[in-house]
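**Student:** Here's a sequence, model it:
(one chain, ligands or ions: 2)
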Amino acid sequence: MENRIPVIMDCDPGHDDAIGLLLANASEKIDVLAVTTCGGNQTVEKTTYNAQRVCTLLDMNVPIGKGAARPLTEVPMNAPSVHGKSGLDGPALPEPAYPISDLSAIELMAQTIRSADRPVTIVSTGPMTNTAGFLLAHPELKHKVAQVSMMGGGIGHGNWTPAAEFNILADPEAADMVFRSGVPILMAGLDVTEQALIYRQDIDRIRALGNHVASVVADWIEFFFEFHRQRGYAGAPLHDPVATAALIAPELFQMRELYVQIETQGEFCRGATVGDVNGSTGNAPNARCIMGLDRQGFVDLLCSAVQTYGR
Ligand code: BDR
Ligand code: CA
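**Tutor:** Ligands and ions are numbered 1, 2, ... in the order given. Next comes the predicted model:
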């Protein structure tokens, strides 16, 4: 475990979140210390239940901390059009074998980070409510956060509005706090995640791996693809796994250091991630923004993760 990257997976599963959990759990380079949940794709009740079921499927026995039911200031925003009524519609999943921790997401983050022997990376693939809450409640532990590797935003564009991506729009105040916190940020925005496309032949390749996880992952991607196919995508954009894949195999990704600010006001642009691409603010970069990837390498990594579950 010594050379592994210790991580907390903060997520709102969610099809692509679930596949991010798979990548992390299967990787020899990562040590998952805890899973924390937030409201986002569905209510926090549903995403927590989903996290428990996904961890059970993946044989991933780590503490699961339930997050807050609401974003910092606004009313909750969910995405049933993308992930279904359960937040993880599609294939049947096992009932939870692992209980929820007595600790809230924020307190589980604190306990995990406090007791870790080295700085911990938070992988954030939902609204950033928990991470912001943790940094607010436990400033004494900030130096023990190695980085926040997050899926959210987009330097070029949004997906929920023309300017804003879902995870940031669902809690812009939280994202703003994290981006201003001084903690290093690795940002997998739509710029890269909409290139992380899984095509029909890739789904077939995953299914053909033939184990019990392979068929579920293939079904998840089919479900996720259907929403995107109707909107003109040639494949399913696997947003959230990019935040984990970039830790496991950074050589697959092209990154650019930028100063990124979160728009919390604005009539049209609330939730936008505004990247200082021409250096006009004069501020030093606060984020490494992932702008491109080796798609085939990403698919190969996903297949290797599925393969760890047997023939
Ligand atoms: C993000 O929103 C959710 O639907 C996905 O899980 C991903 O985290 C993409 O905008
Ligand atoms: Ca997500």
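
**Student:** quick one: what helix or strand has Thr48 in it?
**Tutor:** Per DSSP states H and E, Thr48 falls inside helix 44-58.

**Student:** is ligand 2 contacted by that helix?
**Tutor:** No - judged by C-beta under 5 Å from the ion, helix 44-58 makes no contact with ligand 2; its nearest approach is 8.7 Å. C-beta: built from backbone N, CA, C; applies to glycine.

**Student:** From the contact counts, what lies against that helix?
**Tutor:** When contacts are defined as 3 or more C-beta pairs under 8 Å, 6 or more residues apart in numbering; DSSP states H and E, helix 44-58 sits against helix 15-26, strand 30-37, strand 64-65, helix 212-229.

**Student:** Need those in a markdown table (columns: mean neighbour count and distance to Thr43).
**Tutor:** Putting the helices and strands packed on helix 44-58 into a markdown table (neighbours: other C-beta atoms under 10 Å; distance: least, C-beta to C-beta, whole Å) gives the following:
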| stretch | mean neighbour count | distance to Thr43 |
| --- | --- | --- |
| helix 15-26 | 27 | 14 |
| strand 30-37 | 24 | 10 |
| strand 64-65 | 25 | 16 |
| helix 212-229 | 20 | 19 |
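
**Student:** among the ones you listed, which is nearest Asn3?
**Tutor:** strand 30-37 (9.3 Å; C-beta to C-beta).

**Student:** and the angle from that closest one to helix 15-26?
**Tutor:** 150 degrees (axes from the mean of the first three to the mean of the last three C-alpha atoms, to 10 degrees).

**Student:** what lines up beside strand 30-37 in the sheet?
**Tutor:** Paired with strand 30-37 in the same sheet, following DSSP bridges, are strand 5-11 (parallel), strand 64-65 (parallel).

**Student:** circling back: please dump the helices and strands packed on helix 44-58 into a markdown table; it should also carry mean pLDDT and distance to Thr73 for every row.
**Tutor:** Formatted as a markdown table, those follow (pLDDT from 0 to 100; distance: least, C-beta to C-beta, whole Å):
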| stretch | mean pLDDT | distance to Thr73 |
| --- | --- | --- |
| helix 15-26 | 98 | 23 |
| strand 30-37 | 98 | 20 |
| strand 64-65 | 98 | 22 |
| helix 212-229 | 96 | 28 |
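
**Student:** rewinding a little: closest one to ligand 2 among the strands paired with strand 30-37?
**Tutor:** For these, the distance to ligand 2 is smallest for strand 5-11, at 5.9 Å, taking C-beta to the ion.

**Student:** CA atoms of that closest one as CSV?
**Tutor:** Extracted in CSV, the C-alpha atoms of strand 5-11 (Å, rounded to 0.1, in the frame of the first residue of the first chain):
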residue,chain,number,x,y,z
ILE,A,5,-2.1,7.2,-3.8
PRO,A,6,-4.5,7.5,-0.8
VAL,A,7,-7.9,8.8,-2.0
ILE,A,8,-11.3,9.6,-0.7
MET,A,9,-14.0,9.1,-3.4
ASP,A,10,-16.6,11.9,-3.0
CYS,A,11,-19.4,11.1,-5.5
